[in-house]
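In: this one's structure only:
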């Protein structure tokens, strides 16, 4: 029973990590459609520090809203 709980916890953490990585990739992909890809990739380390899936979802929606500049998105990122 204890092993099963450990396995479940491990699987849940892996799913969360997968969601986080997917959200970051989606944010970068959306921003790269509008802005210079090298400038967008520079945001990756900052995004990777965020471990809250809900926060990344908010940032994904902000990227999907097509901000007028990368700086405008970065202001949202720093909130």
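Out: Now that the structure is in, tell me what you want to look at. No experiment lies behind these values; they were computed from the predicted model shown.

In: what residue is smack in the middle of this protein?
Out: Nearest residue to the geometric centre of the chain (Cα atoms, centre = their mean): residue 24, 2.8 Å.

In: what's the local residue count around the residue lying closest to that residue once chain neighbours are set aside?
Out: The spatially closest residue to residue 24, leaving aside those adjacent along the chain, is residue 47, at 4.7 Å (Cβ to Cβ, 6 or more residues apart in numbering). The way it works is simple: take the backbone N, C-alpha and C, and place the C-beta from them, glycine included. Here the count is done by other Cβ atoms under 10 Å, and residue 47 has 17 residues near it.

In: please apply the same query to residue 23.
Out: 22.

In: go on, residue 17?
Out: Residue 17 has 12 nearby residues by other Cβ under 10 Å.

In: one step back: tell me who's in contact with the residue nearest to the centre of the chain.
Out: For residue 24, the contact set (Cβ atoms under 8 Å, 6 or more residues apart in numbering) comprises 44, 47, 48, 50, 56.

In: which of the helices or strands spans the closest residue to the first one other than its chain neighbours?
Out: Which is residue 44. Leaving aside its chain neighbours, residue 44 sits nearest to residue 28 (6.3 Å; criterion: Cβ to Cβ, 6+ apart). According to DSSP states H and E, residue 28 maps onto helix 2-34.

In: now do the lowest-mean-pLDDT helix or strand in the chain: distance to the chain's middle.
Out: Within the chain, no helix or strand scores below helix 2-34, which has a mean of 87 by mean pLDDT, DSSP states H and E. In terms of Cα atoms, centre = their mean, to the nearest Å, the centre of helix 2-34 is found 9 Å from the chain centre.

In: now do the same end-to-end measure for stretch 63-79.
Out: End-to-end distance for stretch 63-79, by Cα to Cα, to the nearest Å: 14 Å.

In: quick one on the thing from earlier: wait, the residue nearest to residue 44 sits on residue 47?
Out: Yes. Counting by Cβ atoms under 8 Å, residue 47 is a contact partner of residue 28 at 7.4 Å.
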